[in-house]
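Enquirer: Whatever this is, show me its structure:
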Amino acid sequence: MSIRYKLLILTSLMFFSLATITGLSLWNWQRLQSLNETILQGQQLQTYSRKVMGLMKDMIFDLFSPHMYSQIRSLTYSPRSVAAYREWYAAVNEYQDAFIEFIDDRELNIMQDDELQDLYETSLTLNQKALEKLHTMSEILVRLQSMNSQEIDLYNVMQQDETLTPFFEEFRDTSFYFTNTFESFMNHFFTSFRRQSEKLERELYILFILISVLSSATAISYAMIISREILKKINLAGTAFRNIAMGDFSTVYPVKDDDELSTLLGNINSLSSDLKENINSILNLTGDIGRSIGEKSSLSEIMDMVTETIIKDTQSEKAAVYIYEAADNCFKLRSSRGTGAPLIPEFNAAEELGRMMKTGTPYMGGEKDCPSPPLSPDSRYKDMLALPLKIRGECRGFLVSLLYEHSFSDLGITRMINFSEFVSLTLDNHLKYREVLEKREAQYWALQSQVQPHFIYNVLNGFIGLNRMGDKERLERAILSLREMLRYVTDQKHLTTLKDEVNFLENYCKLQKIRFSERLKYSFEIHDGLERVPIPRLLLQPLVENSIIHGLEPLEEGGELTLSARHHSDSAVITISDTGVGFDCSAAADSRSIGMKNVSERLMMTNPGSEIQINSTPGKGTVVKLTIAGIEEAGSENSYSR
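Expert: Modelled structure (predicted):
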């Protein structure tokens with residue numbers, strides 16, 4: 001639920017509470033008004049009853065004391081009996097109507113006072129009797145008025161006439177009703193109604209207080225709940241912004257409701273995800289280049305990788321690389337990818353854009369503001385980035401990125417600037433790497449050139465021995481073997497496989513066996529999966545040669561040469577052992593032969609992290625162990641042996 005709806009509910013709750021209080025107040029006010037009207041009716045009825053009694057008294061005075069009445073008439077302003085009778089009769093009718101209206105009043109009927117209820121029921125009976133008596137009195141008064149005109153003593157006449165005698169009893173009962181019962185009823189009525197009115201007022205005040213407290217408590221509680229949720233989400237949003245500012249783009253903030261702040265948190269999650277994606281895109285830019293560049297990648301291939309990566313991992317629609325040619329003092333297009341019209345193939349470095357790039361000043365802007373020359377004269381673009389590629393402090397070219405429909409965002413510009421710096425560093429490292437490779441290649445072939453004459457020198461010494469022995473047949477086989485070996489030795493590839501190297505060593509041992517005959521025994525074993533491990537050509541030949549010449553030859557009975565290659569973790573361990581005379585390693589440590597030095601240096605150049613261990617005991621033989629690092633195990637535990 002949105003915040004506006006929650007506030008609307010809170011406002012509605014307050015309005016409902018106010019409306020309830022107002023409604024109860026109006027209802028109670030109406031009730032009080034009704035009670036007051038009932039009291040006014042009772043007072044009016046009481047006035048009518050007193051008027052009836054007063055007129056009855058006037059008529060009695062006029063009938064029974066006419067002389068006295070005439071004397072006090074001027075003082076009381078009372079009418080004569082005929083006029084009094086008419087007024088009395090009218091007053092009786094008014095009283096009767098007022099009594100009926102009063103008795104039928106709703107407020108009187110719903111009174112809860114037991115005593116008043118008894119009086120109410122009694123008054124109905126007495127009033128009926130009083131009306132009957134008033135009716136009887138009315139009939140008698142009519143007769144008395146006619147007698148009064150005859151100047152007779154009415155009192156004595158009435159005492160003698162049985163039809164007139166009830167007048168006195170009726171008058172007495174009626175007077176008692178109006179002066180005692182009715183007045184008592186009305187007095188109790190007024191007291192009860194005032195008490196009822198006060199009770200209603202108290203109930204109104206209590207109800208008003210209860211509703212006000214309950215409504216206020218409900219509104220405050222609801223407001224506290226809403227404000228707590230709002231503050232919680234505001235604090236969470238603040239934490240999210242702080243985390244994003246600190247570089248935390250992975251935290252996902254909970255979105256439980258559908259209000260505005262929850263929408264804000266959802267937008268923050270989207271923003272964080274977009275920022276993470278944009279940051280990852282920078283890594284993708286550098287990662288794609290890093291994964292694509294190989295040891296044999298050329299400079300032009302690297303430039304193609306750069307432009308392809310820009311099109312793939314950024315919003316650029318056109319990407320290009322210009323390289324500065326010092327001989328021609330111009331920038332030439334070396335790679336271009338993307339859509340749109342082709343870019344100009346070259347332009348003079350003396351032009352405005354060339355001067356900017358030479359000074360290392362990047363350009364960012366639209367087509368109208370672009371310095372000369374226009375790189376894309378046949379197409380219109382909206383935004384362009386031209387970022388210099390600095391190598392060892394000098395501008396060697398620049399990157400171009402074009403957008404035809406949109407503009408680069410600040411993040412997009414920052415990403416391209418970082419990428420241009422990475423490309424500059426990559427090109428610099430590539431050039432340095434090529435220099436190192438060329439230097440290492442020269443060193444390697446220098447070491448290789450040391451191996452070949454040394455090996456040939458030792459083989460020729462073997463031929464001299466065969467010639468002295470006069471064994472021409474064996475000498476001929478040796479020469480043929482040498483021919484095959486020279487094909488391997490003179491190959492211009494400086495790397496070979498372990499299997500080819502072992503085949504060469506087998507030919508070499510066959511050649512040596514012609515000389516040593518049964519004094520030389522040898523065996524080779526290569527575990528499956530290591531046959532195609534690359535190693536420097538003639539890496540193992542000096543070690544085998546040392547075992548034969550310096551280890552086995554001094555022994556009259558000869559000995560055995562063993563070569564094995566096995567897996568060990570991610571390395572290949574090649575062990576060459578012999579049962580020759582051996583030597584003291586500590587005494588020979590500072591006087592290694594040229595062959596051992598050659599092996600160590602060549603191995604370290606091709607496989608950094610490798611090592612050579614030599615263990616030898618005089619009279620027991622020598623063991624040389626080569627651990628070639630960086631070899632992934634493949635195949636089974638089957639072996640290749642000779």
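
Enquirer: which secondary structure elements does the longest helix out of those in the chain contact?
Expert: The residue-count maximum for a helix in the chain (DSSP state H) belongs to helix 182-245. For helix 182-245, the elements it packs on are helix 3-64, helix 114-148, helix 260-292, judged by 3 or more C-beta pairs under 8 Å, 6 or more residues apart in numbering; DSSP states H and E. For glycine as for every other residue, the C-beta is placed from the backbone atoms N, C-alpha and C.

Enquirer: part of a strand, is residue 567?
Expert: Yes. Membership of residue 567 in a strand is supported by DSSP: H, G, I helix; E, B strand; the rest coil.

Enquirer: I'd guessed it sits against residue 528; true?
Expert: No. The criterion here is C-beta atoms under 8 Å, and residue 567 misses it with residue 528 at 9.5 Å.

Enquirer: Of the two, which one has the most company?
Expert: Using other C-beta atoms under 10 Å, the more surrounded residue of residue 567 and residue 528 is residue 567, with 19 against 13.

Enquirer: Run through the residues that contact that one.
Expert: Shown in contact with residue 567 (C-beta atoms under 8 Å, 6 or more residues apart in numbering): 527, 529-530, 573, 631, 633.

Enquirer: Over to residue 249?
Expert: Applying C-beta under 8 Å, 6+ apart to residue 249 gives the contacts 272-273, 275-276, 279.

Enquirer: Can you tell me which of those residues are buried?
Expert: residue 272 (16 or more other C-beta atoms under 10 Å).

Enquirer: Bridge partners for residue 363, pull those for me.
Expert: Listed by DSSP bridges, the beta-bridge partners for residue 363 are residue 386.

Enquirer: State the distance from residue 355 to residue 344.
Expert: Between residue 355 and residue 344 the distance is 16 Å, computed by C-beta to C-beta, to the nearest Å.

Enquirer: Have a look at the two and say which one is more surrounded.
Expert: Set side by side, residue 355 and residue 344 show more neighbours around residue 344, with 16 against 13, by other C-beta under 10 Å.

Enquirer: my guess is that one meets residue 331, correct?
Expert: No. If you go by C-beta under 8 Å, residue 344 and residue 331 don't touch, sitting 9.5 Å apart.

Enquirer: neighbours of residue 435, just the number please.
Expert: Residue 435 sits with 10 neighbouring residues when counted by other C-beta under 10 Å.

Enquirer: What residues sit buried inside stretch 496-506?
Expert: 496, 498, 501-505.

Enquirer: which one of these is nearest residue 400?
Expert: Closest approach to residue 400 among the buried residues of stretch 496-506 (C-beta to C-beta): residue 496, at 45.2 Å.

Enquirer: ok, the closest one - contacts?
Expert: Taking C-beta under 8 Å, 6+ apart, one finds 534-537 in contact with residue 496.

Enquirer: In ChimeraX, how would I select just the buried ones from the residues you listed?
Expert: Only the buried entries of those go into this ChimeraX selection, using 16+ other C-beta under 10 Å:
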select :535,536,537
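
Enquirer: Which of the contacts of residue 496 fall in strands?
Expert: When DSSP state E defines the strands, the subset of the contacts of residue 496 inside them is 534-536.

Enquirer: could you dump those to CSV with distance to residue 395 and pLDDT?
Expert: Formatted as CSV, the ones in strands among the contacts of residue 496 follow (distance: C-beta to C-beta, whole Å; pLDDT from 0 to 100):
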residue, distance to residue 395, pLDDT
534, 40, 90
535, 43, 89
536, 40, 86
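
Enquirer: Would you mind giving the residues you listed as CSV with distance to residue 614 added?
Expert: Formatted as CSV, the ones in strands among the contacts of residue 496 follow (distance: C-beta to C-beta, whole Å):
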residue, distance to residue 614
534, 23
535, 18
536, 18
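
Enquirer: For residue 16, state which of the residues you listed is nearest.
Expert: Among the ones in strands among the contacts of residue 496, residue 534 lies closest to residue 16 (C-beta to C-beta), at 87.4 Å.

Enquirer: what pairs with the closest one across the strands?
Expert: Counting by DSSP bridges, residue 534 is bridged to residue 497.
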